[in-house]
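*Asks:* Requesting a structural model of the entry that follows:
(one chain, ligands or ions: 3)
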Amino acid sequence: MVDMTGHRDHTMLDISVISAVQELSGAARTRVLTISSVGEQHFVRSRACIHAGGVACPEEPQDSGPGEPIALYPELGACLRHHEPRAESIGADGLRRLWLPIWFGDKADTCLEIVHAAPFTPEALYMVNGIVSVYRNFQNLLDYSERDSLTGLLNRKTFDDQLARMLHASETDATAPGLAERRHHHGEEKQWLAVVDVDHFKGVNDRFGHLYGDEVLILIANLLQSSFRAQDRVFRFGGEEFVVLLRSTDLDNARRIIERFRADVETHDFPQVGRVTVSIGFTSVSAADSPVVTLGHADQALYYAKAHGRNRVCHYEELVAGGLLQTVAVNDTAEFF
Ligand code: GH3
Ligand code: MG
Ligand code: MG
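*Replies:* Numbering: from 1, shown residues only. Ligands and ions are numbered 1, 2, ... in the order given. Reported below is the predicted structural model:
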(Lines give C-alpha, C1' and ligand atoms only; values in the text may rest on other atoms or scores of the structure.)
(Ligands and ions follow the chains in the order given, each with its own letter.)
Protein backbone atom coordinates (compact mmCIF):
# COMPACT_ATOMS: atom_id res chain seq x y z
CA MET A 1 0.00 0.00 0.00
CA VAL A 2 2.81 2.38 0.89
CA ASP A 3 4.53 1.59 -2.40
CA MET A 4 1.33 2.10 -4.41
CA THR A 5 0.50 5.49 -2.94
CA GLY A 6 4.07 6.83 -2.84
CA HIS A 7 3.98 7.77 -6.54
CA ARG A 8 3.13 10.98 -8.33
CA ASP A 9 3.11 9.31 -11.70
CA HIS A 10 0.50 7.17 -13.46
CA THR A 11 2.98 4.69 -14.94
CA MET A 12 4.62 4.05 -11.57
CA LEU A 13 1.20 3.65 -9.98
CA ASP A 14 0.20 1.09 -12.65
CA ILE A 15 3.43 -0.81 -12.10
CA SER A 16 3.09 -1.04 -8.33
CA VAL A 17 -0.61 -2.00 -8.56
CA ILE A 18 -0.04 -4.92 -10.93
CA SER A 19 3.02 -6.00 -8.92
CA ALA A 20 0.88 -6.08 -5.75
CA VAL A 21 -2.01 -7.91 -7.44
CA GLN A 22 0.38 -10.40 -9.03
CA GLU A 23 2.10 -11.10 -5.74
CA LEU A 24 -1.08 -11.42 -3.69
CA SER A 25 -3.07 -13.51 -6.18
CA GLY A 26 -0.31 -15.72 -7.58
CA ALA A 27 -1.59 -14.99 -11.11
CA ALA A 28 0.01 -16.18 -14.36
CA ARG A 29 -0.16 -12.62 -15.71
CA THR A 30 -1.59 -9.26 -14.66
CA ARG A 31 -2.09 -6.29 -16.98
CA VAL A 32 -3.45 -2.74 -16.88
CA LEU A 33 -5.57 -2.07 -19.96
CA THR A 34 -6.56 1.29 -21.37
CA ILE A 35 -10.10 1.33 -22.72
CA SER A 36 -10.64 3.98 -25.37
CA SER A 37 -13.57 4.81 -27.58
CA VAL A 38 -13.58 6.00 -31.16
CA GLY A 39 -17.17 6.95 -31.98
CA GLU A 40 -19.32 4.07 -30.72
CA GLN A 41 -16.47 1.52 -30.87
CA HIS A 42 -14.44 0.52 -27.82
CA PHE A 43 -10.79 -0.55 -27.98
CA VAL A 44 -8.41 -2.18 -25.51
CA ARG A 45 -4.68 -1.60 -25.22
CA SER A 46 -2.25 -2.97 -22.63
CA ARG A 47 -0.23 -0.25 -20.92
CA ALA A 48 1.60 -2.33 -18.28
CA CYS A 49 2.14 -6.04 -17.78
CA ILE A 50 3.72 -8.53 -15.35
CA HIS A 51 4.14 -12.30 -15.84
CA ALA A 52 4.58 -14.83 -13.01
CA GLY A 53 8.14 -14.55 -11.71
CA GLY A 54 8.80 -11.49 -13.89
CA VAL A 55 9.14 -7.77 -13.40
CA ALA A 56 6.30 -5.35 -14.17
CA CYS A 57 6.95 -3.23 -17.28
CA PRO A 58 5.13 -0.44 -19.07
CA GLU A 59 4.05 -1.40 -22.61
CA GLU A 60 4.48 1.10 -25.42
CA PRO A 61 2.02 0.93 -28.32
CA GLN A 62 3.52 -0.86 -31.33
CA ASP A 63 1.35 1.03 -33.80
CA SER A 64 -0.62 4.23 -33.99
CA GLY A 65 -4.06 2.56 -33.97
CA PRO A 66 -6.43 2.64 -30.99
CA GLY A 67 -5.65 -0.99 -29.96
CA GLU A 68 -7.62 -4.24 -30.18
CA PRO A 69 -11.38 -4.03 -30.77
CA ILE A 70 -13.32 -4.94 -27.63
CA ALA A 71 -15.29 -7.48 -29.67
CA LEU A 72 -12.28 -9.80 -29.09
CA TYR A 73 -13.25 -9.79 -25.39
CA PRO A 74 -17.04 -10.17 -25.40
CA GLU A 75 -17.34 -10.73 -21.63
CA LEU A 76 -15.44 -7.50 -20.93
CA GLY A 77 -17.55 -5.69 -23.54
CA ALA A 78 -20.78 -6.83 -21.84
CA CYS A 79 -19.41 -5.89 -18.42
CA LEU A 80 -18.64 -2.33 -19.61
CA ARG A 81 -22.03 -1.98 -21.31
CA HIS A 82 -23.87 -3.04 -18.15
CA HIS A 83 -21.58 -1.13 -15.75
CA GLU A 84 -20.73 -4.29 -13.85
CA PRO A 85 -17.87 -4.44 -11.31
CA ARG A 86 -16.16 -7.46 -12.90
CA ALA A 87 -16.23 -10.03 -15.70
CA GLU A 88 -14.68 -13.44 -16.07
CA SER A 89 -13.98 -15.78 -18.97
CA ILE A 90 -12.05 -18.97 -19.65
CA GLY A 91 -9.71 -18.77 -22.63
CA ALA A 92 -8.87 -21.44 -25.20
CA ASP A 93 -5.71 -22.06 -23.14
CA GLY A 94 -7.90 -23.11 -20.17
CA LEU A 95 -6.76 -20.05 -18.16
CA ARG A 96 -9.27 -17.80 -16.42
CA ARG A 97 -9.32 -14.09 -17.13
CA LEU A 98 -10.74 -11.74 -14.54
CA TRP A 99 -11.42 -8.15 -15.62
CA LEU A 100 -11.93 -5.35 -13.11
CA PRO A 101 -12.85 -2.03 -14.72
CA ILE A 102 -11.89 1.06 -12.70
CA TRP A 103 -15.19 2.94 -12.66
CA PHE A 104 -15.37 6.71 -12.24
CA GLY A 105 -19.10 7.36 -12.22
CA ASP A 106 -20.39 5.68 -15.38
CA LYS A 107 -17.05 5.77 -17.21
CA ALA A 108 -14.16 3.30 -17.10
CA ASP A 109 -11.05 4.03 -19.16
CA THR A 110 -8.82 1.66 -17.21
CA CYS A 111 -9.23 -2.03 -16.44
CA LEU A 112 -7.15 -4.61 -14.57
CA GLU A 113 -6.85 -8.03 -16.20
CA ILE A 114 -5.73 -11.00 -14.08
CA VAL A 115 -4.97 -14.32 -15.80
CA HIS A 116 -5.19 -17.23 -13.42
CA ALA A 117 -5.07 -21.03 -13.67
CA ALA A 118 -7.40 -21.88 -10.76
CA PRO A 119 -10.69 -20.21 -9.77
CA PHE A 120 -10.21 -17.26 -7.40
CA THR A 121 -10.89 -17.91 -3.74
CA PRO A 122 -13.29 -15.45 -2.05
CA GLU A 123 -10.33 -14.22 0.05
CA ALA A 124 -8.23 -13.46 -3.04
CA LEU A 125 -11.17 -11.66 -4.68
CA TYR A 126 -11.76 -9.61 -1.53
CA MET A 127 -8.12 -8.54 -1.45
CA VAL A 128 -7.97 -7.71 -5.15
CA ASN A 129 -11.16 -5.64 -4.85
CA GLY A 130 -9.55 -3.71 -2.00
CA ILE A 131 -6.52 -2.94 -4.17
CA VAL A 132 -8.80 -1.81 -6.99
CA SER A 133 -10.55 0.65 -4.65
CA VAL A 134 -7.27 2.18 -3.49
CA TYR A 135 -6.08 2.29 -7.10
CA ARG A 136 -9.25 4.10 -8.19
CA ASN A 137 -9.04 6.73 -5.45
CA PHE A 138 -5.38 7.33 -6.05
CA GLN A 139 -5.77 7.58 -9.80
CA ASN A 140 -8.49 10.13 -9.19
CA LEU A 141 -6.14 12.21 -7.05
CA LEU A 142 -3.39 12.06 -9.65
CA ASP A 143 -5.83 13.10 -12.40
CA TYR A 144 -7.02 16.00 -10.28
CA SER A 145 -3.48 17.35 -9.89
CA GLU A 146 -2.62 16.92 -13.58
CA ARG A 147 -5.75 18.27 -15.21
CA ASP A 148 -7.23 21.67 -15.83
CA SER A 149 -10.51 21.96 -13.93
CA LEU A 150 -12.46 23.86 -16.63
CA THR A 151 -11.69 21.66 -19.65
CA GLY A 152 -10.31 18.40 -18.19
CA LEU A 153 -7.25 18.72 -20.46
CA LEU A 154 -3.74 18.13 -19.11
CA ASN A 155 -2.33 21.20 -17.38
CA ARG A 156 0.97 22.93 -17.99
CA LYS A 157 2.63 21.26 -15.01
CA THR A 158 2.67 17.94 -16.87
CA PHE A 159 4.05 19.31 -20.13
CA ASP A 160 7.82 18.77 -19.69
CA ASP A 161 7.25 15.25 -18.49
CA GLN A 162 4.89 14.36 -21.36
CA LEU A 163 7.30 15.87 -23.88
CA ALA A 164 10.21 13.82 -22.49
CA ARG A 165 8.05 10.68 -22.64
CA MET A 166 7.06 11.32 -26.21
CA LEU A 167 10.68 11.80 -27.26
CA HIS A 168 11.60 8.60 -25.46
CA ALA A 169 8.73 6.67 -27.09
CA SER A 170 9.78 7.97 -30.51
CA GLU A 171 13.18 6.35 -30.03
CA THR A 172 11.34 3.06 -29.54
CA ASP A 173 9.25 3.78 -32.66
CA ALA A 174 12.42 4.37 -34.65
CA THR A 175 13.50 0.76 -34.12
CA ALA A 176 10.03 -0.72 -34.73
CA PRO A 177 9.66 -3.02 -37.75
CA GLY A 178 8.14 -1.46 -40.84
CA LEU A 179 9.56 2.00 -40.26
CA ALA A 180 11.98 1.92 -43.19
CA GLU A 181 9.05 1.01 -45.40
CA ARG A 182 6.92 3.86 -44.05
CA ARG A 183 9.81 6.27 -44.62
CA HIS A 184 10.10 5.11 -48.17
CA HIS A 185 6.55 6.21 -48.90
CA HIS A 186 6.29 9.34 -46.77
CA GLY A 187 8.43 12.12 -45.36
CA GLU A 188 10.43 11.68 -42.22
CA GLU A 189 8.40 10.94 -39.10
CA LYS A 190 8.89 13.41 -36.26
CA GLN A 191 7.13 14.70 -33.18
CA TRP A 192 5.38 18.08 -33.51
CA LEU A 193 4.30 20.78 -31.13
CA ALA A 194 1.43 23.13 -31.93
CA VAL A 195 0.33 26.21 -29.97
CA VAL A 196 -3.34 27.12 -30.45
CA ASP A 197 -4.69 30.54 -29.45
CA VAL A 198 -8.30 31.66 -29.80
CA ASP A 199 -8.67 34.74 -32.01
CA HIS A 200 -10.11 37.90 -30.44
CA PHE A 201 -11.26 35.96 -27.42
CA LYS A 202 -11.42 39.10 -25.30
CA GLY A 203 -14.21 40.19 -27.65
CA VAL A 204 -16.19 37.01 -26.87
CA ASN A 205 -16.02 37.80 -23.14
CA ASP A 206 -16.83 41.47 -23.72
CA ARG A 207 -19.85 40.77 -25.89
CA PHE A 208 -21.31 37.64 -24.26
CA GLY A 209 -19.81 37.50 -20.77
CA HIS A 210 -17.37 35.17 -19.07
CA LEU A 211 -19.76 32.22 -18.81
CA TYR A 212 -20.14 32.06 -22.57
CA GLY A 213 -16.38 32.55 -22.86
CA ASP A 214 -15.84 29.53 -20.62
CA GLU A 215 -18.32 27.52 -22.69
CA VAL A 216 -16.33 28.32 -25.84
CA LEU A 217 -13.13 27.10 -24.14
CA ILE A 218 -14.82 23.82 -23.15
CA LEU A 219 -16.14 23.26 -26.68
CA ILE A 220 -12.73 24.01 -28.21
CA ALA A 221 -11.14 21.55 -25.75
CA ASN A 222 -13.64 18.91 -26.92
CA LEU A 223 -12.86 19.65 -30.57
CA LEU A 224 -9.14 19.33 -29.78
CA GLN A 225 -9.64 15.96 -28.14
CA SER A 226 -11.69 14.58 -31.00
CA SER A 227 -9.39 15.98 -33.71
CA PHE A 228 -6.14 14.50 -32.43
CA ARG A 229 -5.17 10.85 -31.97
CA ALA A 230 -5.00 8.83 -28.77
CA GLN A 231 -1.19 8.99 -28.67
CA ASP A 232 -1.15 12.77 -29.07
CA ARG A 233 -1.36 14.98 -25.97
CA VAL A 234 -3.54 18.05 -25.54
CA PHE A 235 -2.90 20.68 -22.84
CA ARG A 236 -4.55 23.88 -21.69
CA PHE A 237 -1.68 26.22 -21.00
CA GLY A 238 -3.88 28.81 -19.34
CA GLY A 239 -6.36 31.39 -20.60
CA GLU A 240 -7.38 30.71 -24.19
CA GLU A 241 -4.12 29.04 -25.17
CA PHE A 242 -3.74 25.31 -25.84
CA VAL A 243 -0.76 23.15 -26.75
CA VAL A 244 -0.78 19.86 -28.67
CA LEU A 245 2.04 17.31 -28.90
CA LEU A 246 1.70 15.14 -32.01
CA ARG A 247 3.50 11.86 -31.99
CA SER A 248 5.42 10.31 -34.89
CA THR A 249 4.04 11.62 -38.11
CA ASP A 250 5.45 13.31 -41.20
CA LEU A 251 5.12 17.00 -42.02
CA ASP A 252 2.26 16.61 -44.53
CA ASN A 253 0.22 14.57 -42.10
CA ALA A 254 0.90 16.91 -39.16
CA ARG A 255 -0.13 19.89 -41.26
CA ARG A 256 -3.25 18.08 -42.46
CA ILE A 257 -4.37 17.11 -38.92
CA ILE A 258 -3.74 20.62 -37.54
CA GLU A 259 -5.42 22.30 -40.50
CA ARG A 260 -8.45 20.00 -40.15
CA PHE A 261 -8.80 21.07 -36.51
CA ARG A 262 -8.59 24.75 -37.47
CA ALA A 263 -11.32 24.22 -40.07
CA ASP A 264 -13.46 22.28 -37.53
CA VAL A 265 -13.38 25.27 -35.18
CA GLU A 266 -14.14 27.72 -38.00
CA THR A 267 -17.23 25.77 -39.08
CA HIS A 268 -18.46 24.93 -35.57
CA ASP A 269 -21.61 26.74 -34.50
CA PHE A 270 -20.89 27.96 -30.94
CA PRO A 271 -24.20 28.43 -29.06
CA GLN A 272 -25.09 32.12 -28.87
CA VAL A 273 -21.54 33.18 -29.76
CA GLY A 274 -21.67 31.88 -33.35
CA ARG A 275 -18.32 31.85 -35.12
CA VAL A 276 -14.97 31.51 -33.37
CA THR A 277 -11.58 31.01 -35.00
CA VAL A 278 -8.14 29.97 -33.81
CA SER A 279 -4.59 30.72 -34.95
CA ILE A 280 -1.96 28.00 -34.72
CA GLY A 281 1.84 27.90 -34.85
CA PHE A 282 3.64 24.58 -35.06
CA THR A 283 7.19 23.28 -35.13
CA SER A 284 9.04 19.98 -35.11
CA VAL A 285 10.27 18.71 -31.75
CA SER A 286 13.86 17.65 -31.34
CA ALA A 287 15.49 16.05 -28.32
CA ALA A 288 18.35 18.51 -28.85
CA ASP A 289 16.16 21.53 -28.01
CA SER A 290 14.82 22.31 -24.55
CA PRO A 291 11.02 22.50 -24.13
CA VAL A 292 11.33 26.29 -23.71
CA VAL A 293 13.10 26.67 -27.07
CA THR A 294 10.57 24.46 -28.86
CA LEU A 295 7.64 26.37 -27.35
CA GLY A 296 9.35 29.62 -28.37
CA HIS A 297 9.51 28.48 -32.01
CA ALA A 298 5.83 27.49 -32.08
CA ASP A 299 4.97 30.84 -30.43
CA GLN A 300 6.90 32.75 -33.10
CA ALA A 301 4.91 30.95 -35.80
CA LEU A 302 1.69 31.70 -33.86
CA TYR A 303 2.51 35.42 -33.68
CA TYR A 304 3.15 35.35 -37.41
CA ALA A 305 -0.30 33.80 -37.94
CA LYS A 306 -1.84 36.49 -35.70
CA ALA A 307 -0.08 39.25 -37.61
CA HIS A 308 -1.13 37.85 -40.99
CA GLY A 309 -4.90 37.62 -40.77
CA ARG A 310 -5.49 35.09 -37.93
CA ASN A 311 -7.57 31.88 -38.48
CA ARG A 312 -4.54 30.22 -40.04
CA VAL A 313 -1.84 27.61 -39.41
CA CYS A 314 1.85 28.58 -39.70
CA HIS A 315 4.84 26.27 -39.66
CA TYR A 316 7.97 27.65 -37.98
CA GLU A 317 10.61 25.85 -40.07
CA GLU A 318 8.86 26.85 -43.29
CA LEU A 319 8.69 30.52 -42.25
CA VAL A 320 12.39 30.46 -41.35
CA ALA A 321 13.34 28.74 -44.62
CA GLY A 322 11.32 31.35 -46.54
CA GLY A 323 13.10 34.21 -44.75
CA LEU A 324 9.80 35.31 -43.15
CA LEU A 325 10.98 34.65 -39.58
CA GLN A 326 14.41 35.14 -38.07
CA THR A 327 15.83 32.46 -35.83
CA VAL A 328 16.45 34.05 -32.47
CA ALA A 329 19.39 32.94 -30.37
CA VAL A 330 17.84 31.82 -27.12
CA ASN A 331 19.03 30.13 -24.03
CA ASP A 332 17.01 28.21 -21.49
CA THR A 333 16.47 31.04 -19.06
CA ALA A 334 15.95 34.04 -21.29
CA GLU A 335 13.58 33.95 -24.24
CA PHE A 336 12.87 36.86 -26.58
CA PHE A 337 12.72 40.45 -25.44
P1 GH3 B 1 -5.73 37.58 -30.14
O2 GH3 B 1 -6.50 37.22 -31.36
O3 GH3 B 1 -4.63 38.51 -30.42
O4 GH3 B 1 -5.25 36.36 -29.40
O5 GH3 B 1 -6.77 38.37 -29.19
P6 GH3 B 1 -7.38 37.91 -27.82
O7 GH3 B 1 -8.48 38.85 -27.47
O8 GH3 B 1 -7.76 36.49 -27.90
O9 GH3 B 1 -6.13 38.01 -26.85
P10 GH3 B 1 -5.90 38.66 -25.46
O11 GH3 B 1 -4.65 38.00 -24.93
O12 GH3 B 1 -5.92 40.16 -25.55
O13 GH3 B 1 -7.14 38.24 -24.56
C14 GH3 B 1 -7.30 36.98 -24.02
C15 GH3 B 1 -8.53 37.02 -23.17
O16 GH3 B 1 -8.84 35.73 -22.64
C17 GH3 B 1 -8.41 37.92 -21.97
C18 GH3 B 1 -9.09 37.17 -20.84
O19 GH3 B 1 -10.14 37.91 -20.33
C20 GH3 B 1 -9.62 35.91 -21.50
N21 GH3 B 1 -9.52 34.73 -20.67
C22 GH3 B 1 -8.39 34.16 -20.17
N23 GH3 B 1 -8.70 33.06 -19.45
C24 GH3 B 1 -10.06 32.92 -19.48
C25 GH3 B 1 -10.97 31.98 -18.90
O26 GH3 B 1 -10.62 31.03 -18.21
N27 GH3 B 1 -12.30 32.16 -19.17
C28 GH3 B 1 -12.74 33.19 -19.92
N29 GH3 B 1 -14.05 33.32 -20.14
N30 GH3 B 1 -11.90 34.11 -20.46
C31 GH3 B 1 -10.57 33.97 -20.24
MG1 MG C 1 -6.23 35.00 -28.16
MG1 MG D 1 -3.58 34.33 -25.77
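
*Asks:* Confirm residue 252 sits in a strand?
*Replies:* No - following the definition DSSP: H, G, I helix; E, B strand; the rest coil, residue 252 is helix and is not counted among the residues of a strand.

*Asks:* Need the three-state assignment for the residue nearest to it when sequence neighbours are not counted.
*Replies:* Distances taken as C-beta to C-beta, 6 or more residues apart in numbering put residue 187 closest to residue 252, at 6.2 Å, once the chain neighbours are dropped. All C-beta spots, glycine's among them, are computed from the backbone N, C-alpha and C. Classification of residue 187 into helix, strand or coil gives coil, according to three-state DSSP.

*Asks:* list the contacts for residue 187?
*Replies:* Under the criterion of C-beta atoms under 8 Å, 6 or more residues apart in numbering, the contact partners of residue 187 comprise 250, 251, 252.

*Asks:* ok, of the residues you listed, which come out buried?
*Replies:* Buried residues within the contacts of residue 187, counting neighbours by 16 or more other C-beta atoms under 10 Å: 250, 251.

*Asks:* Quick check: phi and psi on the residue in the stretch 1-150 of the chain that ligand 2 sits nearest to?
*Replies:* Using C-beta to the ion, the single residue of the stretch 1-150 of the chain nearest to ligand 2 is residue 150, 15.8 Å away. In terms of degrees, to the nearest 10, the main-chain angles of residue 150 are phi -70, psi -50.

*Asks:* now it: how far from ligand 1?
*Replies:* According to C-beta to the nearest ligand atom, to the nearest Å, residue 150 and ligand 1 sit 6 Å apart.

*Asks:* does that residue really touch residue 218, like I thought?
*Replies:* Yes - contact between residue 150 and residue 218 holds when scored by C-beta atoms under 8 Å: they sit 6.6 Å apart.

*Asks:* Ligand 1 contacts on the stretch 201-337 of the chain?
*Replies:* For the stretch 201-337 of the chain, the residues in contact with ligand 1 (C-beta under 6 Å from any ligand atom) are 201, 202, 205, 210, 213, 214, 217, 239, 240, 306, 310.

*Asks:* Can you tell me which of those residues is nearest residue 40?
*Replies:* Minimum separation from residue 40 among those (C-beta to C-beta) is found for residue 217, which lies at 26.8 Å.

*Asks:* which residues touch the closest one?
*Replies:* By C-beta under 8 Å, 6+ apart, the residues touching residue 217 are 150, 151, 198, 236, 240.

*Asks:* how about a cut-off of 10 Å?
*Replies:* For residue 217, the residues meeting the contact criterion (C-beta atoms under 10 Å, 6 or more residues apart in numbering) are 148, 150, 151, 153, 198, 201, 204, 236, 239, 240, 242, 276.

*Asks:* So among the residues of the stretch 201-337 of the chain next to ligand 1, which ones count as buried?
*Replies:* Applying a neighbour-count criterion of 16+ other C-beta under 10 Å, the buried members of those are 201, 213, 217, 240, 306.

*Asks:* phi, psi of the closest residue in space to the first one that isn't next to it in sequence?
*Replies:* For residue 201, the nearest residue in space outside its immediate sequence neighbours is residue 240; the separation is 4.2 Å by C-beta to C-beta, 6+ apart. Main-chain dihedrals, residue 240, degrees, to the nearest 10: phi -110, psi 30.

*Asks:* Residue 218 versus residue 240, what's the distance?
*Replies:* 12 Å (C-beta to C-beta, to the nearest Å).

*Asks:* next one: residue 27
*Replies:* Applying C-beta to C-beta, the value for residue 27 to residue 218 is 41 Å.

*Asks:* Repeat that for residue 30.
*Replies:* Here the distance between residue 30 and residue 218 works out to 37 Å (C-beta to C-beta).

*Asks:* more neighbours, the two?
*Replies:* Taking residue 30 and residue 218 together and counting by other C-beta atoms under 10 Å, residue 30 has the greater number of neighbours (26 against 13).

*Asks:* got the contact list for that one?
*Replies:* If you count contacts by C-beta under 10 Å, 6+ apart, residue 30 has them with 17-23, 48-52, 56, 98, 112-116, 128.
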